Structures are given as C-alpha cells and as structure tokens.
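In: build the 3D model from these lines:
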Amino acid sequence: MKQRCTLHPFDDATTLATAAATRWHALLAARPAQQPFTVALSGGRIPKLLYEAFVTAITAHPLSLEGLHFFWGDERCVPPDDAESNFALAHLGLLQPLRVPSEQIHRIQTELDETQMLAEAETALRLVTHSLPSAPPVLDLIFLGMGEDGHVASIFPGDSEAFSSNAVYRAVTGSKPPPRRVTLGLSTIAAARQVWVLISGAGKQTALHTSLADNGRTPLSHVLRSRTHTEIFTDFPTDGS
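Out: Numbers count the residues shown, from 1 in each chain. Prediction:
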C-alpha cells in the first residue's frame, strides 16, 4: 500500500515534530492572502511537541493566522479543561501562545448532550468549509496519530460501523480510557486535502507495518485505502529492519 502514502522516517520524536511543524508553517505561508485554511488537530503525546515546534516556527518566521480555523479529529468526552482533553492540550500549547481569536477555534462541545454535541460540531465544520449537506466537508489538513493497535482518531479496531457510516462526527466508546469519545468519520478523513499521520513511540512499529500491508485490516489501513495519498511521519525505521 506504499504507493498510497509517503513515509518520512526521523531519528526521534522531537525531530519528527519539528519537521511536521516546519512543513505546516510552509503550507500556510504559501496560501494566497486571506484564503481560509482548516486544520483538525489530534490528541496523544506527539502533538505536544508539534505545537511547541509550530509556535517556535511562528516566532522565528511570523505569518498571518487570519483565516486559520482549528477543529479536532477526535475528542474525549471530558470537560475542556480536563487533563485528558485534546482541546486543553492544544489550548495550552498552541492556541493560547499564538493568541488565536476565539472565532477561529471550534472545539467539540463535550458539555452538551450527545445529539447536540455532534450536530454543533458538524454545523461548525460545514459552515467554515462551505460544504453541501450531501457531501463530506473538506478540511485542508488533518493531523492523525496512531495507537499500538492501529487506531486513528477515535476509530478503533472492531468498530465496524466506522466503515459504513457517512457521519461527519460520530460518538464512540473507545477501548482506551476515557471511553466516551467523539471522532471524525472515515468519509470526512478520506475527503481531506491532506492527511499527515504522526507516529511516535515504542510498540507502534508492528502496527504500522501491518497497516501498510495490502491486506491490512487496521483503522489506519482503511484510511490509507480511502485516500489517494497520505503522509506518514515516524521516528523508527519503516523498511522492516
């Protein structure tokens, strides 16, 4: 399945995060003036390093953040200031240091009941991306991580509904705590202009090789098959060595 993705190996997590942040900065710098740019952020360990590196890049080479809208690929159903919140991680490490205006931040409102939470998240994403109700919204960039079991966002192995649903956002029960979560649907991930998967940490190399196989069955495998091209950043060898 390697023809559907590009693998970028790095020596360590910090170098990986710095490279991804530098590419993100260059992508924003190259966009036409005032053109909106939508990005969905992820949770996990590597995003903290990504956010630090991106803030450093902006500090060294300032550029306008006008029109840069932040969404989330998944979220834990916890308060927005909870240590387990993906929003909290981004708020402290990225949004607050960059003083991003509140109208450009579209967190998943986990304090609402499930039906309203999903509706509000989809409405915000469709509004900013100007998408039709009959088609998935198209994000400019989605950051994903990958777990030791090959899960991405909060799409876990065994979640058969994930591969048949066209929902923009879905409520799920994950196999990792906290269990109640909301995740972007696979069709929305497939529709994004760019998807960058940042994979760092011991125990994930086997899951990546399994996901890259032509007969791979992990959630990451499904993402790769659903798209023409995906970028994968890793801090371990990807050639089977």
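
In: helices along the chain, start to end?
Out: Under the criterion DSSP state H, the chain contains helices at 13-30, 46-60, 86-90, 96-98, 114-129, 186-191, 205-212, 219-226.

In: is it possible to get JSON lines of these that adds mean neighbour count and distance to Pro79?
Out: C-beta here means a position set from N, CA and C on the backbone, and glycine is covered the same way. Listed next are the helices of the chain as JSON lines, based on neighbours: other Cβ atoms under 10 Å; distance: least, Cβ to Cβ, whole Å:
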{"stretch": "helix 13-30", "mean neighbour count": "17", "distance to Pro79": "27"}
{"stretch": "helix 46-60", "mean neighbour count": "19", "distance to Pro79": "19"}
{"stretch": "helix 86-90", "mean neighbour count": "22", "distance to Pro79": "9"}
{"stretch": "helix 96-98", "mean neighbour count": "14", "distance to Pro79": "17"}
{"stretch": "helix 114-129", "mean neighbour count": "16", "distance to Pro79": "13"}
{"stretch": "helix 186-191", "mean neighbour count": "22", "distance to Pro79": "25"}
{"stretch": "helix 205-212", "mean neighbour count": "18", "distance to Pro79": "31"}
{"stretch": "helix 219-226", "mean neighbour count": "22", "distance to Pro79": "27"}
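
In: quick one: closest of those to Ala135.
Out: Ala135 sits nearest to helix 186-191 of all the helices of the chain, at 7.7 Å, using Cβ to Cβ.

In: what is that closest one packed up against?
Out: For helix 186-191, the packing partners by 3 or more Cβ pairs under 8 Å, 6 or more residues apart in numbering; DSSP states H and E come out as helix 219-226.

In: and the helix it packs on, what does it pack against?
Out: Short answer (3+ Cβ pairs under 8 Å, 6+ apart): helix 219-226 packs on helix 186-191, strand 194-199, helix 205-212.
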